[in-house]
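> model the following, please.
(chains A and B)
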There are 2 protein chains.
Amino acid sequence: MGKQGMNREAGLRVRLVQMEVLPGRPAENTATILHGIREAIAERVDLIAFPEMAIPGYLIADEWERDAFVRECEACANEIRDASRGIITVFGSVGVDHSRRNEDGRVRKYNALFVAEEATFKGPERGPYPFVIKSLLPNYREFDDSRHFFDLRKLALEEQRTVADLVTPVRTSHFRLGGVLCEDGWDMDYNVSPLSLLGAHNPDLCINISASPYTLNKNNKRNRVFSNQASQIGAPLLYVNNTGIQNNGKTVFTFDGASCVYDAHGHVVAHQTPFEAGALTLDIPDPKATFGNPVPLKEDTIADVYKALRYGTQKFMDLCHIQRVVVGISGGIDSAVVAAMYADILPPEDLLLVNMPSRYNSNTTISLAQKLADNLGCFCLNVPIEDSVQLTKSQISGTVATRNDGSTLPLNLTPFMLENVQARDRSSRILAALASAFDGVFTCNANKSEATVGYTTLYGDLGGYLANIADLWKSEVFALAEHCNTSVFSREMIPRGIIELPPSAELNANQNVDEGKGDPLHYPYHDRLFSSWVESWHRTTPEEILEWYLDHELEEKIGCSENLSTLFPTTDDFVKDLERWWNLYQGMGLAKRIQAPPVLAIKRRAFGFDHRESQLGPRYTRRYKALKQSALRNEE
Amino acid sequence: MGKQGMNREAGLRVRLVQMEVLPGRPAENTATILHGIREAIAERVDLIAFPEMAIPGYLIADEWERDAFVRECEACANEIRDASRGIITVFGSVGVDHSRRNEDGRVRKYNALFVAEEATFKGPERGPYPFVIKSLLPNYREFDDSRHFFDLRKLALEEQRTVADLVTPVRTSHFRLGGVLCEDGWDMDYNVSPLSLLGAHNPDLCINISASPYTLNKNNKRNRVFSNQASQIGAPLLYVNNTGIQNNGKTVFTFDGASCVYDAHGHVVAHQTPFEAGALTLDIPDPKATFGNPVPLKEDTIADVYKALRYGTQKFMDLCHIQRVVVGISGGIDSAVVAAMYADILPPEDLLLVNMPSRYNSNTTISLAQKLADNLGCFCLNVPIEDSVQLTKSQISGTVATRNDGSTLPLNLTPFMLENVQARDRSSRILAALASAFDGVFTCNANKSEATVGYTTLYGDLGGYLANIADLWKSEVFALAEHCNTSVFSREMIPRGIIELPPSAELNANQNVDEGKGDPLHYPYHDRLFSSWVESWHRTTPEEILEWYLDHELEEKIGCSENLSTLFPTTDDFVKDLERWWNLYQGMGLAKRIQAPPVLAIKRRAFGFDHRESQLGPRYTRRYKALKQSALRNEE
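Residues are numbered from 1 along each chain as shown, chains lettered A, B, ... in the order given. Down below sits the predicted model:
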């Protein structure tokens, strides 16, 4: 414990401010922080802490390249410093060194933790800057830290000092604080462990300020890792994370906060409600002791998925100043879940559901759509597209294009082409026009299964302002529908008929739901197959899939409970199906994703900026080709 | 010079293979390389060199996370090694260390240069691996190297060795080779200089293997930098770069190759034609001497822009197996330039131009469109959209949405909404259907001015498979039109009337070109303004712009030759215009770009993966607000 350590009678009163950080808006965030500091001073708080990048926001892409923005962040940090009298303030922002350059040639920037006391910034003991530098810069998934911020290890080389020399506690009048930022606490795959280095200095207290997006089941892992760190160091660990949403253009991330306090024995003794901005205040009498009762934590469930999606959707609407929404409803499960979620967010007069039947839509789905709208109590319209589809058909089929040398080319729309004509007519002609007339936007109801293989029409059902269920497999959409009925609304808001209907696009006579026909995807298998391509840690290719199939372990490897020998009588059937969807995933599916709306991310590897993709065309390894050739030869 | 140095009678015969690298296709690239090696052996070449990442490709996004892909790259590298007998082969690929992890937890990967001789890999003297590691990992613009590859400086820390200790030449039987990769040669903003470190060892020969995308005027800078390096070290520097295209999903980059040889005095003594795959062979009698005549190099011109765009377009079509193209032509300049470029790529029977007039299109533009099609000799169609627009209007205007409580909401389409209805009708209804009937795709003709502020309709004129002029400002599109007529076709292929027409969307009665009316953008000013936001090194915001305006130096700062006092009589006028476009750039413009087609990049900061953006909403710094308040008060 520091010389003037935590020996005051009341111990230490700490407050973690789980604030909603507005990315790219330093002035607004600073106002929030200054308000928090004033309140805390009045309430005799000793230490108030705000999240990582609380001033600028975290996922702000290349906004870092604007000097005016960086200057504003610096000015805001100084205002917070000056307001920190009679209190110790910890917050994250950009640390700037105008005398040096980043490797992109721009002004040197660090992802920094600031400690302010008596209107002064206090840096680490013997450190080169009056702020703590983030040591570990994540550069995977949606993270681009090393694109904008200088690396601590490169700084050590530049300064001709060791990394250990640069990672030291900050000495305040009350205590010695081991401060780290977000990824610094996730050191498993790095050859530097900032908290171990700090632990060697026996800090009185540790803090991890974070800007950590919500990912399904991430908090449980964090609890295991951080609890272990606190007990290893033998000091309390404060974890403060922000709420709100931030995005990288193509992908929107929610931040749940879930701030908490670990005592010196690694027990969670207090935590903040996820997805709610607010402050957590705690008196720490003796930092070395267990100073509260452990709080039980739970695994994520479908309720957490719903909460995150609803939160992210609402915040994205706020960001874009959207108050009215149009949902095209087909009578199917995806649009029903989306409609139900918006009905949970908006008053019924601000939600318009539109059913747009063509000749292929059954009375079954038309009436299910109407029933859904009645249940939700919002505005509803039925706008048939048959006339327009016929107009398009007549304008193109039979038309003859000509060249100035007299040659001609008759054109024709096949039934398959007319499927896409229907889908585009609904979204680009009707929904887009209706959205403007309703003074709102229209939604994209695509799920992750469709998005993966492009089983969706560009400028058709893949249009919309936000794809808020596009990180969910079809099977997860069904689970969400059940959750809506059982928990969100506590009644059968989504008609049972919608849940029980075979999934179908109803774009041709072969997709007749009344005859039990529908999508060419067998979701219990294909969802698991696609997940292994996109989401599994060891991302599979046809090479692994075929190998596992031939070894009769595919079901187990990808977690599919179906018997594949029923689904695919022969290896040839299996291979044809595998290649069909793999070609689409890497070909047209990807081409469509490039023009898809922003995806609301909820799991690891959402499409867009998390799972980054290059159009390379469908391709197979040589080993796959050899495996396939051998397997098909054996089958003959 | 090495012990067994370049003392053979004939000197050293080197061959740089400027190959077209197919990203994501190791087997195909390896076949190209093996073929090149066989030929070179027959022609008594001593050293054959291929580009950086010649096996896997360079811009392949998260394909690096697929183990099967990485394994295939390793196997291919070993085949090249085994084929290297009687020749020294230099090539780039991934260097894998299965015993260590990257910081994302995946297998350790390096961006590596391999030297193979007598079927053996030769690594740097005293290095930990049998390959050279890229020291400087670019992590700006479109580059994501540090996302996938481990850093040399982190390796030095891990190995407890100095960086200098790890950057040493490779000793072959003939010579000591200083090998670097791409960014290693662009060391101005790094605190490590790989070529200086290598220079300290007096290598006989240096090589930079690159995967360097074409950017306007980049080669001139490269020549200055690399020429200086060669003369500093006093050894020849071979530069080998690939051709082809690679992409990051949203952004497509061309690779011009432009491989060349610098002698020990820094003179370019041989170079390869840009954008042409092929080999450059050179006999080097005495590496220390001037061994050839300097080759004059020239500045990039509009001809180079055209060449890069045409090349990139054609290669992207090849990638996507596209053989037929539909271009919607309005009679305006953008679609005319796009149509002309496709006519230069495709035979006339594979190109279909479509004019789609509504009531607002003038006979002037309709006949200019027809004249363009006649000039190009391709297929042409006139498909009016008036009936469909009226159908949409009748289906929505006057319709009443209802709720189950009996409340109603009449809907109406305003004239502004009908502008977007027209644009969407053209692209999503007509062009998309025609493209499928023509067995092709349709193009996006948006330019960078429109893309910046979203002066374009989503699912309308912003639709298409590729936006190949979207990295060009409107003024550059005009220059390209002139170039088409004077140089590409050597006749007035694009009718003069199209070039002289006022730019107009012709979506309402106020955009009547016959009355000289058109777009709300004054391109000679707005192009320069937008360029300062997007492309200039110190990316401006309204803060800088207003400050410069008030100081009467805006024209000079942004390179605008117009007199702004004529354009904006008052400061209030200026500010209103500035905020109008800034709000669109950061608001709807960005929302539209997220769903835009891939952009063919040609300059610094193409939209998409080069200029990365987060939806943060339009925003202004406090200093801008203060400047504005003060300026408007002074004006009163």
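
> surely A:Glu158 is in a helix?
Yes. Remark: A:Glu158 belongs to a helix, assigned using DSSP: H, G, I helix; E, B strand; the rest coil.

> didn't it look like it was pressed against B:Val163?
No. Using Cβ atoms under 8 Å, A:Glu158 is not in contact with B:Val163, being 11.1 Å away. Where C-beta positions appear, they are placed from N, C-alpha and C, glycine not excepted.

> who has more neighbours, these two?
B:Val163 (18 against 15; other Cβ atoms under 10 Å in any protein chain shown).

> what about the residue lying closest to that one once chain neighbours are set aside, neighbour count?
Of all residues not flanking B:Val163 in the chain, B:Ala156 sits nearest, at 4.8 Å (Cβ to Cβ, 6 or more residues apart in numbering or on different chains). Neighbour count of B:Ala156, defined by other Cβ under 10 Å: 21.

> do the one 4 residues further on as well
Close neighbours of B:Gln160, defined as other Cβ under 10 Å, add up to 7.

> can you list phi and psi of it for me?
Phi and psi for B:Gln160, reported as degrees, to the nearest 10, are phi 50, psi 50.

> and it, how far from chain A?
Between B:Gln160 and chain A the distance, using Cβ to the nearest Cβ, to the nearest Å, works out to 10 Å.

> near chain B, which residues of the stretch 251-400 of chain A are found?
Contact residues (Cβ under 8 Å from any Cβ of the partner chain) of the stretch 251-400 of chain A with chain B: A:319-321, A:348-349, A:352, A:373-374, A:377-381, A:383, A:387-388, A:391-392, A:395-397, A:399.

> filter those residues to the buried ones?
Using 16 or more other Cβ atoms under 10 Å in any protein chain shown as the burial test, these include A:319-320, A:348, A:352, A:373, A:377-381, A:383, A:388, A:392, A:395-397, A:399 as buried.

> contacts only, for A:Pro274.
A:Pro274 makes contact with A:214, A:219, A:256-258, A:304, A:307, according to Cβ atoms under 8 Å, 6 or more residues apart in numbering or on different chains.

> tell me which of the residues you listed fall in strands.
Using DSSP state E, A:Asp256 are the members of those that sit in strands.

> tell me the least confident of the contacts of A:Pro274?
When the contacts of A:Pro274 are compared on pLDDT, A:Asn219 comes out lowest, with 91.

> for it, give me its contacts.
A:Asn219 is in contact with A:256, A:258, A:274, A:297, A:300, counting by Cβ under 8 Å, 6+ apart.

> next secondary structure after the helix or strand encompassing A:Glu79?
When elements are assigned from DSSP states H and E, A:Glu79 belongs to helix A:67-83. Counting by DSSP H and E, the element after helix A:67-83 in chain order, helix or strand, is strand A:88-101.

> hey, C-alpha coordinates of that next one in CSV?
These are the backbone C-alpha positions of strand A:88-101, laid out as CSV (Å, rounded to 0.1, in the frame of the first residue of the first chain):
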residue,chain,number,x,y,z
ILE,A,88,-9.3,11.0,-8.4
THR,A,89,-10.7,10.6,-11.9
VAL,A,90,-9.8,7.7,-14.2
PHE,A,91,-10.9,7.8,-17.8
GLY,A,92,-9.9,6.7,-21.3
SER,A,93,-9.1,8.9,-24.2
VAL,A,94,-6.5,9.4,-26.9
GLY,A,95,-3.0,10.3,-25.6
VAL,A,96,-1.2,12.5,-28.2
ASP,A,97,2.5,13.1,-28.6
HIS,A,98,2.8,16.0,-31.1
SER,A,99,6.6,15.6,-31.3
ARG,A,100,6.5,12.1,-32.7
ARG,A,101,4.8,10.3,-35.6
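
> just the buried residues of it, please?
A:88-96, A:101.

> now stretch A:225-238
Those would be A:226-227, A:229-231, A:233, A:235-238, for stretch A:225-238 by 16+ other Cβ under 10 Å.

> now the helix holding A:Glu79: mean pLDDT?
The pLDDT scores in helix A:67-83 average 98.

> stretch A:599-615 now?
Averaged across stretch A:599-615, the pLDDT comes to 96.

> that one: end-to-end distance?
End-to-end distance for stretch A:599-615, by Cα to Cα, to the nearest Å: 19 Å.

> so what's the residue count around the residue in the stretch 351-500 of chain A positioned nearest to chain B?
Residue nearest to chain B within the stretch 351-500 of chain A: A:Ser428 (3.4 Å; Cβ to the nearest Cβ). Around A:Ser428 there are 29 other residues, counting by other Cβ under 10 Å.

> let me know the pLDDT of it.
For A:Ser428, the predicted pLDDT is 98.

> same question, A:Met6
Predicted confidence (pLDDT) for A:Met6: 44.

> now intersect the buried residues of stretch A:225-238 with the strands, please.
Among these, the ones falling in strands (DSSP E) are A:237-238.

> wait, A:Thr399 sits on B:Phe379?
No. Using Cβ under 8 Å as the test, A:Thr399 is too far from B:Phe379 to be in contact (11.0 Å).

> alpha carbons of the helix or strand that contains A:Arg222, as PDB, please.
Per DSSP H and E, A:Arg222 falls inside helix A:218-233. Taking Å, rounded to 0.1, in the frame of the first residue of the first chain, the C-alpha atoms of helix A:218-233 are listed here in PDB:
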ATOM      1  CA  LYS A 218     -18.100 -13.300 -23.500                       C
ATOM      2  CA  ASN A 219     -18.900 -12.100 -20.000                       C
ATOM      3  CA  ASN A 220     -18.500 -15.500 -18.500                       C
ATOM      4  CA  LYS A 221     -15.100 -15.900 -20.000                       C
ATOM      5  CA  ARG A 222     -14.200 -12.400 -18.800                       C
ATOM      6  CA  ASN A 223     -15.300 -13.300 -15.300                       C
ATOM      7  CA  ARG A 224     -13.000 -16.400 -15.200                       C
ATOM      8  CA  VAL A 225     -10.000 -14.500 -16.600                       C
ATOM      9  CA  PHE A 226     -10.400 -11.300 -14.500                       C
ATOM     10  CA  SER A 227     -11.300 -13.100 -11.300                       C
ATOM     11  CA  ASN A 228      -8.100 -15.000 -11.600                       C
ATOM     12  CA  GLN A 229      -6.100 -11.800 -12.200                       C
ATOM     13  CA  ALA A 230      -7.500 -10.200  -9.100                       C
ATOM     14  CA  SER A 231      -6.600 -13.100  -6.900                       C
ATOM     15  CA  GLN A 232      -3.200 -13.500  -8.400                       C
ATOM     16  CA  ILE A 233      -2.300  -9.900  -7.800                       C
END
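
> keep the buried residues of strand A:88-101, but drop any that are not near chain B.
Near chain B, judged by Cβ under 8 Å from any Cβ, the entries from the buried residues of strand A:88-101 are A:Arg101.
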